[in-house]
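Colleague: I would like the atomic coordinates for the input below:
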Amino acid sequence: MAKIFPAFVLLCASWLIGCSQHTGDAYLDSVTVALLGMPDVELSAEQIANVPYPNAYLTVGKLPRAFVVLNYAEHGQLKWISADHNLFVMQQGRWVKTIGLEVNLSHIESSHLDPLADGLHLDGATWHWHADWDQDYTSGRDLISRFKVLGMESVAVGPDKRQLLAVEEQVSEVQGEFSYRNHYWLDPNSGAVIKSRQRMGPKLPELEFVLLKPFSPKESL
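Modeller: Residues are numbered from 1 along each chain as shown. This next block holds a predicted model:
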């Protein structure tokens, strides 16, 4: 069985951290707690609902699945922190920065809007962007993404099953040195990314993310 810490531990720790941080346009000053299971953490619908902050499952490579709570949100970015203090920054459903991994994604940029921002019109979309990692062998690369909608799928989202729109993203280095694929499962009504499997770059581990309780910009402490 997975080892689960009581919900009040999350709440108390969140309160302590919340007393010391008050920055950002929109924020959730909560401590992030990762609960490592053997092999994966598994929470009930009641346990998920009892956590008063946005939360998710996060799996890094072959490590056990963790339960994470949103650290804070600002400027359209959601920032999640694992129990070992690794930072994962998401924007419009895409990971845009990591801190604490063996090789980190340090920066991405584009002169065009990420197609994931308009998730209901992804089929056939292309996107040119630039990524930097903190290791010389992969830093400063120009990339192109090509999106393909695969159709509706029944997907486990925590204890529930949901009908989500499956999308594949083929990421290729412009000079043809490498390519990899990301997968997303979107809410068919809003286009929001509910689940994803994204690589941080060539030969880097895949991050699987499952959004259990979403963040609302109207939320506050």
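Colleague: who does the top strand by length along the chain touch, helix- and strand-wise?
Modeller: As far as residue count goes, and with DSSP state E defining each element, the longest strand of the chain is strand 141-157. The criterion is 3 or more C-beta pairs under 8 Å, 6 or more residues apart in numbering; DSSP states H and E, and the helices and strands that strand 141-157 contacts are strand 126-133, strand 160-173, strand 193-199, strand 206-213. Every residue, glycine included, has its C-beta placed from N, CA and C.
Colleague: then the second one to CSV, C-alphas only?
Modeller: The C-alpha atoms that make up strand 160-173 are tabulated as CSV, following Å, rounded to 0.1, in the frame of the first residue of the first chain:
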residue,chain,number,x,y,z
ASP,A,160,-12.0,8.7,-12.0
LYS,A,161,-12.1,8.0,-15.7
ARG,A,162,-12.6,10.9,-18.1
GLN,A,163,-13.1,11.3,-21.8
LEU,A,164,-10.2,13.4,-23.1
LEU,A,165,-8.9,14.6,-26.4
ALA,A,166,-5.5,12.9,-27.2
VAL,A,167,-2.9,15.0,-29.0
GLU,A,168,0.6,14.0,-30.2
GLU,A,169,3.4,16.6,-30.6
GLN,A,170,6.4,15.8,-32.7
VAL,A,171,9.3,17.9,-31.6
SER,A,172,12.3,18.1,-34.0
GLU,A,173,15.5,20.0,-33.9
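Colleague: Tell me where this protein has strands.
Modeller: For the chain, the strands defined by DSSP E occupy 55-60, 66-74, 77-81, 87-91, 94-99, 105-109, 126-133, 141-157, 160-173, 179-186, 193-199, 206-213.
Colleague: Among the ones you listed, which comes closest to residue 116?
Modeller: Between residue 116 and the strands of the chain, the shortest gap by C-beta to C-beta is with strand 94-99, which sits at 5.5 Å.
Colleague: thinking again about what came up before, quick one: the strands of the chain as CSV, columns for distance to residue 118 too.
Modeller: Conversion of those to CSV gives the following (distance: least, C-beta to C-beta, whole Å):
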stretch, distance to residue 118
strand 55-60, 22
strand 66-74, 20
strand 77-81, 18
strand 87-91, 14
strand 94-99, 13
strand 105-109, 18
strand 126-133, 11
strand 141-157, 11
strand 160-173, 12
strand 179-186, 11
strand 193-199, 12
strand 206-213, 18
